[in-house]
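Trainee: Sequence plus the predicted model coming up.
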Amino acid sequence: MNVFRVLTVVPVWFLLVAAESPSPIPQGANLVLDTAAGQAGTRITVTGSGWFGHQKMDLYWDSPNKVAASVETDRNGNFTQVVTPYPGDRIELHDLCASIPPKPCATFNLQGPPSPAPAESPSPATSSALSPSPSPSTSFASSALQSDRSVSGLDVITKPPFVFLPIIGLLGLLAALAYWVLIRGLDRSERLPALPSATVVHRSARPDIERPAAPSPRSAPTHEMEPPPSNLPPPGPSETPKPPAY
């Protein structure tokens, strides 16, 4: 019976001792940030060391409900994690802490966007002393130059109604060129040499018929048919006159 009591009391005593003894806390655990200040969205590299091997924990900003990341240490008790500032935090100092004892923290200064630097305007006395007053002629020349630059000839020509002037000029040039080609062709046709007039001569089959006079070279050629010869008896042989008898 006593043996049974001993076997019952010993496990209960071990349970009570284990419940009352706290879990071991790593000594020298810490967090290090690679940058101590920055704007919203800045990437911060967190390095942890001095922990037990393969410990899991959360990294949070200011309070446990603002978790930045969850990490686990390696066998040497170290880890490296990249975090960013918690969205919507105010521009001030914030603490990044670990969720397990000894709960070390690192401080980060959240900054706002940089404000543009105002341009320094020179005082009136300094500006008047440095820049000489322009003469009327210089100011007039500069204003005329600016007006010439602002209104150039190309801008005027490319806008209505002046945009039609180059088109009209081109059409006139083409018309003049066509007229010159036409006149040149007419002059060439008038300078061609005149062909000589042809003369037509009709030869008669009868030699006793008098040959008509040939027309002059300048008279126009005629193609009229000569009238047929009349039905005359052929001339007899010519008789030699006999000498008178004595």
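Mentor: Okay, I see it.
Trainee: where does the protein have low pLDDT?
Mentor: Counting by pLDDT under 70, the chain contains low-confidence ranges at 1-23, 117-158, 160-162, 189-246.
Trainee: give me that answer again for 90
Mentor: The model of the chain has pLDDT under 90 over residues 1-28, 112-172, 179-246.
Trainee: Next up, phi/psi of Asp58, please.
Mentor: Backbone torsions of Asp58, given as degrees, to the nearest 10, read phi -110, psi 150.
Trainee: Please name the bridge partners of it.
Mentor: Judged by DSSP bridges, the bridge partners of Asp58 are Ser70.
Trainee: doesn't Ser99 make contact with it?
Mentor: Yes. Using CB atoms under 8 Å, Asp58 is in contact with Ser99, at 4.0 Å. To be clear about C-beta, it is placed using only N, CA and C from the backbone, and glycine gets the same treatment.
Trainee: what sits in contact with each of the two?
Mentor: In terms of CB atoms under 8 Å, 6 or more residues apart in numbering, Asp58 and Ser99 are both contacted by the residues Pro64.
Trainee: so what's Asn109 bridging to?
Mentor: Note on Asn109: beta-bridge partners Ala37, Leu93, judged by DSSP bridges.
Trainee: ditto for Gly48
Mentor: On the basis of DSSP bridges, Gly48 is bridged to Leu31, Phe79.
Trainee: Just the C-alpha atoms of stretch 56-66, please, in CSV.
Mentor: The C-alpha trace of stretch 56-66 is given here as CSV (Å, rounded to 0.1, in the frame of the first residue of the first chain):
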residue,chain,number,x,y,z
LYS,A,56,9.7,31.5,-32.6
MET,A,57,8.6,35.0,-31.9
ASP,A,58,6.8,38.1,-33.3
LEU,A,59,8.3,41.5,-33.9
TYR,A,60,5.8,44.3,-33.2
TRP,A,61,5.6,48.1,-33.2
ASP,A,62,4.9,49.7,-29.8
SER,A,63,2.1,47.1,-28.9
PRO,A,64,1.6,43.4,-29.5
ASN,A,65,-1.3,44.0,-31.8
LYS,A,66,0.9,45.9,-34.4
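Trainee: got a list of contacts for it?
Mentor: Applying CB under 8 Å, 6+ apart, the contact partners of stretch 56-66 are 31, 46, 51, 67-73, 81, 83, 85-86, 89, 94-100.
Trainee: Show me which of the residues you listed are buried.
Mentor: Buried by 16 or more other CB atoms under 10 Å: 31, 46, 51, 68, 71, 73, 81, 83, 85-86, 94, 96-98, 100, out of the contacts of stretch 56-66.
Trainee: how far does stretch 81-100 stretch from start to finish?
Mentor: End-to-end span of stretch 81-100 (CA to CA, to the nearest Å): 16 Å.
Trainee: what's in contact with it?
Mentor: 29, 31, 33, 38, 40-46, 48, 55, 57-62, 64, 66, 68-69, 71, 103-112.
Trainee: what do you get if the cut-off is 7 Å, keeping everything else the same?
Mentor: If you take CB atoms under 7 Å, 6 or more residues apart in numbering as the criterion, stretch 81-100 is touched by 31, 33, 40-46, 48, 55, 57-62, 64, 66, 68-69, 71, 103-112.
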